[in-house]
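A.B. asks: A predicted structure for the sequence below; I have some questions about it.
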Amino acid sequence: MSGHSKFANIKAKKEKNDAAKGKIFTRLGKDIMVAVKEGGADVNNNSKLKAVVAKAKAANMPNDTIDRAIKKASDSSQADLENITYEGYGPGGTAIIVEALTDNRNRAASNIRYAFSRGNGNIGTPGCVSFMFDEKGQIIIDKEEFEMDPEEFEMMVIEAGAEDIADEEDSLEITTAPEDFQAVVDAIDAAGVKMASAEVTKLPQTYVTLESEDDIKSITRLLDLLDDDEDVQNVYTNWEE
């Protein structure tokens with residue numbers, strides 16, 4: 001078992017105020033909209049939608065809110081959203097990938113460039129840092145809410161397709177290939193084990209530690225500005241906080 005714990009960050013985000021929770025639900029609703037427009041509203045016949053719904057449930061998004069988002073996305077009058085990805089560098093050579101989902105490309109580009117500028121970073125060319133990350137399914141279990149026999153659980157998720165299980169101090173972190181993610185989520189769900197987080201994400205191959213207080217303040221400012229941007233869906237970085 002090996003891995004890099006991100007549970008503390010996830011737990012902190014889940015403990016923020018209702019406004020932060022609303023922001024998460026808004027982003028999930030946009031993910032649902034794109035998935036429905038691409039593959040239809042039937043969760044069982046739309047693998048992308050099924051993965052988004054799994055992520056939404058792990059974030060404690062209520063079932064009726066999920067259902068409403070799917071129904072709203074099925075409305076043909078809804079504006080189309082465009083996926084845009086930016087790659088760049090933060091302080092100390094840290095790598096950052098930003099995924100935006102927007103109905104206004106110019107607004108998104110302007111705001112993201114402003115965030116990089118304010119955080120003493122710079123946007124690079126496509127592909128400049130993405131090679132430093134691997135796309136993986138990642139499922140995180142809070143040990144405080146885990147009651148299953150550990151050996152039985154490990155055998156179950158490996159049989160379902162998990163690549164690795166990291167036994168961290170306060171969490172179990174399961175890694176999968178993207179194509180095996182849903183099968184592992186389904187197995188965990190069927191076993192009645194609650195997931196703190198479940199998503200297909202980008203994991204850094206190595207992490208960068210910042211020693212300078214100025215660099216830490218700058219990258220924190222950069223990431224906070226991106227987090228506040230309504231067009232930004234996901235941010236990946238190899239900074240080790």
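C.D. replies: Perfect, I can see it now. Since the structure is predicted, the reported quantities are computational estimates derived from the model, not experimental observations.
A.B. asks: Please verify my assumption that Glu87 contacts Thr125.
C.D. replies: Yes. Judged on Cβ atoms under 8 Å, Glu87 makes contact with Thr125 at a distance of 7.4 Å. (Glycine included, C-beta is placed from N, CA and C.)
A.B. asks: Between these two, which is the more surrounded one?
C.D. replies: Glu87 (20 against 8; other Cβ atoms under 10 Å).
A.B. asks: Show the contacting residues for the nearest residue in space to Thr94 that is not next to it in sequence.
C.D. replies: In space, and not counting its chain neighbours, Thr94 is closest to Trp239: 4.5 Å by Cβ to Cβ, 6 or more residues apart in numbering. Trp239 sits next to Gly90, Thr94, Tyr207, Val208, Thr209, Leu210, Ile219 when contact means Cβ atoms under 8 Å, 6 or more residues apart in numbering.
A.B. asks: Apply the buried test to those and list what passes.
C.D. replies: Gly90, Thr94, Val208, Leu210, Ile219 (16 or more other Cβ atoms under 10 Å).
A.B. asks: Keep only those of the contacts of Trp239 that are in helices.
C.D. replies: Of those, the ones assigned to helices by DSSP state H are Ile219.
A.B. asks: Adding distance to Asn120 and pLDDT, write the contacts of Trp239 out as a markdown table.
C.D. replies: Below are the contacts of Trp239 laid out as a markdown table (distance: Cβ to Cβ, whole Å; pLDDT from 0 to 100):
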| residue | distance to Asn120 | pLDDT |
| --- | --- | --- |
| Gly90 | 7 | 96 |
| Thr94 | 11 | 97 |
| Tyr207 | 19 | 94 |
| Val208 | 15 | 95 |
| Thr209 | 17 | 94 |
| Leu210 | 11 | 95 |
| Ile219 | 8 | 96 |
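A.B. asks: Tell me if I'm right that Arg118 and Leu225 touch.
C.D. replies: Yes. Counting by Cβ under 8 Å, Arg118 touches Leu225, with 6.0 Å between them.
A.B. asks: more neighbours, those two?
C.D. replies: A count of neighbours by other Cβ under 10 Å puts Leu225 above the other of Arg118 and Leu225, at 18 against 13.
A.B. asks: Can you verify Ile139 is assigned to a helix?
C.D. replies: No. Counting by DSSP: H, G, I helix; E, B strand; the rest coil, Ile139 is located in no helix; its state is strand.
A.B. asks: Can you give me the distance of the nearest residue to it once chain neighbours are set aside to Ala54?
C.D. replies: Spatial nearest neighbour of Ile139, excluding adjacent residues (Cβ to Cβ, 6+ apart): Ile174 at 4.3 Å. Distance of Ile174 to Ala54, given as Cβ to Cβ, to the nearest Å: 13 Å.
A.B. asks: Between those two, which is the more surrounded one?
C.D. replies: The neighbour comparison of Ile174 against Ala54 (other Cβ under 10 Å) goes to Ile174, with 29 against 24.
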